[in-house]
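# Structure for this input, please:
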Amino acid sequence: MSKPRISVNYEALKLIEDLRRDSDKYGVIFKKTHLNANLIDAGIKARGGFSAGRIITEICMGGLGSAEITYKNYGDISLPTITVTTDHPAISTLGSQLAGWRIKTEKYSAIGSGPARALALKPRSIYREIGYKDEAESAILVLESSREPPEEVISDVSTKCKIEPENLFLVTVPTSSIAGLTQISGRIVETGMHRLSKLGLDPNKILYACGSAPIMPIHPDPVEAMGRANDAILYGGATYYVVADIGDDEIRKIIGRAVSSASKQYGEPFKKIFEKAGFDFYKVDSNLFAPASITINNIETGRVFKAGKISPEILEKSLTAIQ
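Purely as a prediction, here's the structure:
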């Protein structure tokens, strides 16, 4: 594994400093723990918002991607939409943004994502695949949770990242918050990268990437919020990748299986799919977790390949099912 030319933790630390400097503007709360670690609340007690979700998206990408929030029509409904771009797709998404660190103790559980993963190598197989490992004295981890992490979690994360707790920054953001839903939709490019990688496409051959997904309305029920967050990507997410050193035939074989409509469970709002699976993620077809649409440009042949489509009608069902 080669020594990194770019540190996702140091790049993301610049964005953490932006958050700290303008914490009132972003609606976040900074506090110190008993271990002197840094907690950043972006939606538990803090107000949070779209701006917080946008910068958290960029933090999750290790400072190697940019995010912008606009507004877009999806059939008869209009929703805020996040667009993300990156010139370092493998490192920024798989090496940083991927929610690949499951944190669980007897009394606490959360999904961890962001640059700290590249220090703790969570999971190690991904870092072998992309040939990346970070070296930094600070670590930033984003926790999708409605609770602050206990001291034992802070100690464990610090140990696994081989840093002092005072150099650890933990951003907490609940799913049922504007910031939470924004940063989840901001994972659209990462979702496609992960799916393409699972199908055998070398992520290091993806040179540039862009994607967008709607930011769904808040719902106080965590299961409903989680369902809407997934629907944003499965039925409203579109991605664009520029690749090299890949044959057109290989792209043709993969692309049709890399979109959510390739799943046998495609076609209903995710909450209904989850209910039919007995609220067991392991019973949900893994092929479903993919963008609605993928476009791939082979930079060497100039050819463009497209699969899948946005499904406004299912997005609308997702929002009106409880009316």
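
# Look at the residue nearest to S158 when sequence neighbours are not counted and say how many residues are nearby.
Once flanking residues are discounted, S158 sits nearest to P165: 4.6 Å by C-beta to C-beta, 6 or more residues apart in numbering. Any C-beta I mention is one placed from the backbone N, CA and C, and that applies to glycine too. Neighbour count for P165, taken as other C-beta atoms under 10 Å: 21.

# I figured P165 was touching S155, is that so?
Yes: P165 is in contact with S155 according to C-beta atoms under 8 Å; the separation is 6.9 Å.

# what do those two both touch?
L35 (C-beta atoms under 8 Å, 6 or more residues apart in numbering).

# Low-confidence bits of the stretch 51-200 of the chain, can you list those?
By pLDDT under 70, the stretch 51-200 of the chain has no low-scoring segment.

# quick one, strands of it?
For the stretch 51-200 of the chain, the strands defined by DSSP state E, counting those that start in this stretch occupy 65-74, 77-86, 101-104, 109-113, 139-144, 168-172.

# in stretch 102-109, what counts as buried?
Residues of stretch 102-109 classed as buried: I103 (neighbour count, 16 or more other C-beta atoms under 10 Å).

# what does stretch 200-220 give?
201, 203-204, 206-216, 219.

# Could you do stretch 180-198 as well?
180-197.

# again with stretch 33-47
Residues of stretch 33-47 classed as buried under the neighbour-count rule (16+ other C-beta under 10 Å) are 33, 37-44, 46-47.

# how distant is that stretch from the center of its chain?
When C-alpha coordinates are averaged (C-alpha atoms, centre = their mean, to the nearest Å), stretch 33-47 and its chain have centres 20 Å apart.

# Put the alpha carbons of it into PDB.
Output of stretch 33-47 as PDB, limited to C-alpha atoms (Å, rounded to 0.1, in the frame of the first residue of the first chain):
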ATOM      1  CA  THR A  33     -15.800  15.400  26.100                       C
ATOM      2  CA  HIS A  34     -14.300  14.100  29.400                       C
ATOM      3  CA  LEU A  35     -11.500  12.600  27.300                       C
ATOM      4  CA  ASN A  36     -11.000  16.000  25.600                       C
ATOM      5  CA  ALA A  37     -12.300  14.800  22.200                       C
ATOM      6  CA  ASN A  38     -14.300  17.100  20.000                       C
ATOM      7  CA  LEU A  39     -18.000  16.500  19.500                       C
ATOM      8  CA  ILE A  40     -19.900  18.400  16.800                       C
ATOM      9  CA  ASP A  41     -23.700  18.200  17.100                       C
ATOM     10  CA  ALA A  42     -25.400  18.800  13.700                       C
ATOM     11  CA  GLY A  43     -28.900  17.800  14.500                       C
ATOM     12  CA  ILE A  44     -29.400  16.200  17.900                       C
ATOM     13  CA  LYS A  45     -29.800  19.300  20.000                       C
ATOM     14  CA  ALA A  46     -28.300  21.600  17.400                       C
ATOM     15  CA  ARG A  47     -30.400  23.300  14.700                       C
END
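
# Quick one: residues in contact with it.
By C-beta under 8 Å, 6+ apart, stretch 33-47 touches 16, 19, 26-32, 48, 52-53, 56, 146-149, 151, 154-155, 158, 165-166, 168-174, 177-180.

# Filter those residues down to the ones in helices?
16, 19, 26, 52-53, 56, 151, 154-155, 158, 178-180 (DSSP state H).

# what's the farthest-apart pair in the residues you listed?
S155 and I178 (30.8 Å; C-beta to C-beta).

# Name the residue in the two with the higher neighbour count.
Shown here are S155 and I178; by other C-beta under 10 Å, I178 has more neighbours (22 against 16).

# Check whether that one really touches G49, as I assumed.
Yes: I178 lies in contact with G49 (C-beta under 8 Å); the separation is 5.2 Å.

# Dig out what T83 forms beta bridges with.
E68, S212 (DSSP bridges).

# And what about I294, helix, strand or coil?
strand (DSSP: H, G, I helix; E, B strand; the rest coil).

# what's around it, how many residues?
Residues contacting I294 under the criterion other C-beta under 10 Å number 26.

# wait, doesn't it sit right on G308?
Yes: I294 lies in contact with G308 (C-beta under 8 Å); the separation is 5.9 Å.

# what is in contact with the two at once?
Counting by C-beta under 8 Å, 6+ apart, the residues touching both I294 and G308 are V259.

# separation between the residue most central in space within the chain and A118?
The structure's the chain has its C-alpha centroid closest to R187; by C-alpha atoms, centre = their mean the separation is 3.2 Å. Counting by C-beta to C-beta, to the nearest Å, the separation of R187 from A118 is 17 Å.
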